[in-house]
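> model this:
(one chain, ligands or ions: 2)
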Amino acid sequence: MEYISTRGSAPTLDFEGATLAGLASDGGLYLPREWPRFTEAEIRAMRGRPYPELAATIMRPFVAGSLTDDELDALCHTVYGDFGHAAVTPLVQLDQQQWLLELFHGPTLAFKDVALQMLGRLFETFLDRRDQQLKIVGATSGDTGSAAIRAVAGLERVEIFMLHPKGKVSDVQRRQMTTVRAPNVYNLAIEGSFDDAQAHVKRMFRDDDVTGRLQLGAVNSINWARLMAQVVYYFYSALQLGGPDRTVAYSVPTGNFGDVFAGYVAARMGLPIERLIVATNVNDILHRAISEGDYSAGGVTPTITPSMDIQVSSNFERLLFDCGGRDGMAMADQMHAFEASKSMRLTNAQSQGASALFTSLRADQDDTNRALAWAHREAGQVIDPHTGVGLHAGITAGASGVIAPDVPIVTLATAHPAKFPDAVERAIGVRPGLPARVGDLFGREERFIELAGDYETTRDFVLQNAASA
Ligand SMILES: Cc1ncc(COP(=O)(O)O)c(C=O)c1O
Ligand SMILES: N[C@@H](CCOP(=O)(O)O)C(=O)O
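Numbering: from 1, shown residues only. Ligands and ions are numbered 1, 2, ... in the order given. Reported below is the predicted structural model:
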């Protein structure tokens, strides 16, 4: 499989190259040159397969040429044999129409583990093969950080520099990152927002001073391998609900547009998806983009869903590229203009392409709290606030008829409620406890470095501390 950049001028790479590169050298994001497609009969034949086996089936066309079938099977069995639930991503029914897809049974209690556990193993495999080192720079609003650190802590060929916005992640999220003692892990708490951290990371990939000295790698969803692994749970859940002979709608709490883009990829691969509901908090740039064609970023408002306090959503570029006719040069112009003005209008083709499958809804704090209360009252489920944003959108779409009553609506439960105990307790009066598998988080010593918010400070820290390769 060949991978091309959304901005048209970076070299075409194979899966191994795209995984190690992370961001394309022209600032774009890698995508497969074409979408592999399964027929309905092939999808039907996937019913009942255990998660590791299904994962290998879905990922196989994407990794062709870089991993043998045996290597891929072994990776999937190792990674998905070690989750906290035998089903890996179990489905839970809430009422006649509403379902939850629990994605938080990995080691750090968020959906990120599903892909990052796989990405850590892919790095190990490819770096050993090439006898290379990788310096990972990543940005987190709370969940990617801990999942990525967990996936690469202790790996000999990898060092990780993880930026988080100081004071803007939950205590559990911060401790999950800062209590890891491995010598290849650097936690950097920077002044500013997640968007600032993400902008620093992307700029490092374009900074010749950095790329001339370090082989950089990415763990954010700019890395294609992340999204590839997330496609699997759309197939897994749809098959359980009658797919491909019945369509399913998904409501996805959205920030960087990675998780919901994985749903789009599943649809492009042939999975019959009724609609993808992009559920945002009040940082609603994606809701405005999908409903009005207006993609303009303002300031970020802190919310009870800090992992989604994002205005510039990396993966939206992948959608605009795919819906807009895959014109890399036009995409590069559009993105450069956006980077300068923080504002853009979608073209007609982009708007029409997006609205063919996506609907968007926005939840404020009251909406979110009501969704948490509803899940608790109606189904005895304690859910996290990010999942609450998605569930609010799912319930609204069902009640308003946007999704017909006979179509199941699956909300992606993206985090365990114990990651956000204060917000959950305020909403429903129940304080969720941490599962035993995360251990003694509050008894461990924290270690992180506080940095000013400017780009140069972060870049210099990385350059000074990265071990020479
Ligand atoms: C708990 C949680 N829910 C939802 C999201 C949004 O997912 P995405 O950035 O893939 O849109 C994030 C962060 O990415 C998250 O950590
Ligand atoms: N919500 C994320 C933000 C980064 O998203 P990613 O999926 O692109 O890594 C987080 O928890 O860090």
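> for the rest of this, base every contact and every neighbour count on C-alpha atoms.
Fine.
> wait, a helix at Ile43?
Yes - according to DSSP: H, G, I helix; E, B strand; the rest coil, Ile43 belongs to a helix.
> list the contacts of it.
Applying Cα atoms under 8 Å, 6 or more residues apart in numbering to Ile43 gives the contacts Pro244, Leu271.
> how about the one 5 residues further on?
For Gly48, the set of contacting residues under the criterion of Cα under 8 Å, 6+ apart consists of Leu239, Gln240.
> give me that answer again for 6 Å
Not one residue lies near Gly48 by Cα atoms under 6 Å, 6 or more residues apart in numbering.
> look up how far ligand 2 lies from it.
29 Å (Cα to the nearest ligand atom, to the nearest Å).
> now do Glu2
22 Å.
> hmm, that residue is touching Asp14, no?
Yes - at 4.9 Å, Glu2 counts as touching Asp14 under the criterion of Cα atoms under 6 Å.
> close to ligand 1, is the longest helix that the chain contains?
Across the chain, the longest stretch assigned as helix under DSSP state H is helix 112-130. No - using Cα under 6 Å from any ligand atom, helix 112-130 never reaches ligand 1; the gap is at least 7.2 Å.
> before we move on, back to that, need the overlap of contacts for Glu2 and Asp14.
Residues touching both Glu2 and Asp14 (Cα under 6 Å, 6+ apart): there are none.
> what does the stretch 251-400 of the chain put close to ligand 1?
Counting by Cα under 6 Å from any ligand atom, the residues of the stretch 251-400 of the chain near ligand 1 are Pro253, Thr254, Gly255, Asn256, Phe257, Gly258, Asp259, Ser307, Met308, His386.
> distance of the nearest residue to the fifth one once chain neighbours are set aside from Ala397?
When you say that, I think you mean Phe257. Using Cα to Cα, 6 or more residues apart in numbering and skipping the chain neighbours, the partner closest in space to Phe257 is Asn315 (5.2 Å). Counting by Cα to Cα, to the nearest Å, the separation of Asn315 from Ala397 is 24 Å.
> could you work out the most separated pair of the residues of the stretch 251-400 of the chain next to ligand 1?
Gly258 and His386 (14.6 Å; Cα to Cα).
> list the buried residues for stretch 204-216?
Of the residues in stretch 204-216, Met204, Phe205, Val210, Leu214, Gln215, Leu216 count as buried by neighbour count, 16 or more other Cα atoms under 10 Å.
> among these, name the ones in helices.
Met204, Phe205, Val210.
> ok, those vs Asn348, which is closest?
Closest to Asn348 out of those is Phe205 (31.2 Å), distances taken as Cα to Cα.
> once you drop chain neighbours, what's closest to the closest one?
Thr211 (6.5 Å).
> now do Val260
For Val260, the spatially nearest residue (Cα to Cα, 6+ apart) is Val252, at 6.0 Å.
> name every strand pairing with the helix or strand the one you found falls within and say which way it goes.
Using DSSP states H and E, Val252 falls within strand 248-253. Strand 248-253 has the following strand partners under DSSP bridges: strand 273-280 (parallel), strand 409-413 (parallel).
> now those as TSV including mean pLDDT and mean neighbour count?
What follows is the strands paired with strand 248-253, written out as TSV (pLDDT from 0 to 100; neighbours: other Cα atoms under 10 Å):
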stretch	mean pLDDT	mean neighbour count
strand 273-280	98	26
strand 409-413	98	30
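> tell me which of those lies nearest to Arg426.
Across the strands paired with strand 248-253, closest to Arg426 is strand 409-413 (Cα to Cα), at 19.2 Å.
> right, is that closest one up against ligand 2?
No - figure legend: strand 409-413 not in contact with ligand 2 (Cα under 6 Å from any ligand atom); closest approach 13.3 Å.
> now tell me what touches that strand from outside.
Contacts for strand 409-413 (Cα under 6 Å, 6+ apart): 97-103, 249-252, 387, 390-391.
> now, the residues you listed that are in strands?
Gln98, Trp99, Leu100, Leu101, Glu102, Ala249, Tyr250, Ser251, Val252 (DSSP state E).
> just flag the most distant two among those residues.
Top of the distance list for the ones in strands among the contacts of strand 409-413 (Cα to Cα): Glu102 and Ala249, 15.6 Å.
> what residue in the stretch 1-150 of the chain comes nearest to ligand 1?
Asp143 (4.6 Å; Cα to the nearest ligand atom).
> that residue: neighbour count?
Residues near Asp143, counting by other Cα atoms under 10 Å, number 28.
> repeat that for Leu319.
Neighbours of Leu319 (other Cα under 10 Å): 18.
> mind listing the strands for the stretch 301-450 of the chain?
343-345, 358-362, 409-413, 449-451 (DSSP state E, counting those that start in this stretch).
> any chance of these in JSON lines, plus distance to Leu155?
As requested, these are arranged in JSON lines below (distance: least, Cα to Cα, whole Å):
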{"stretch": "strand 343-345", "distance to Leu155": "40"}
{"stretch": "strand 358-362", "distance to Leu155": "39"}
{"stretch": "strand 409-413", "distance to Leu155": "30"}
{"stretch": "strand 449-451", "distance to Leu155": "21"}
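> quick check: residues of the protein near ligand 2?
Thr140, Ser141, Gly142, Asp143, Thr144, Gly145, Asn220, Ser221, Asn256, Gly258, Ser307, Met308.
> list the contacts of Leu109.
Taking Cα under 6 Å, 6+ apart as the definition, contacts of Leu109 comprise Ala415, His416.
> roughly how far does it sit from ligand 2?
Taken as Cα to the nearest ligand atom, the span from Leu109 to ligand 2 is 11 Å.
> which ones are touching Leu434?
So Leu434 contacts Ala418 (Cα under 6 Å, 6+ apart).
> ok, now with 10 Å
Leu109, Val172, His416, Pro417, Ala418, Lys419, Pro421, Asp440, Leu441 (Cα atoms under 10 Å, 6 or more residues apart in numbering).
> again, but for Val389
Counted by Cα under 10 Å, 6+ apart, Val389 has contacts 251-254, 278-281, 305, 308, 361-365, 367-372, 411, 413.
> Ala10: how many residues sit nearby?
18.
> cool, Ala340 as well?
Ala340 has 8 nearby residues by other Cα under 10 Å.
> re the thing from before, quick check: what element follows the strand holding Val252 along the chain?
With DSSP H and E, the next secondary element past strand 248-253 is helix 258-268.
> give the rounded mean pLDDT of that next one.
Over the span of helix 258-268, the pLDDT mean works out to 98.
> for Ala148, give its distance to Thr140.
As for Ala148, its distance to Thr140 is 10 Å (criterion: Cα to Cα).
> same check on Leu276?
Applying Cα to Cα to Leu276 and Thr140 gives a distance of 24 Å.
> look up phi and psi at Ser313.
Per-residue torsions, Ser313: phi -100, psi 110 (degrees, to the nearest 10).
> what residue, apart from its backbone neighbours, is nearest it spatially?
Sequence neighbours aside, Asn256 is the residue nearest to Ser313 in space, at 4.1 Å (criterion: Cα to Cα, 6+ apart).
> that neighbour touches Val312, doesn't it?
Yes - contact status for Asn256 versus Val312: in contact at 7.2 Å, counting by Cα atoms under 10 Å.
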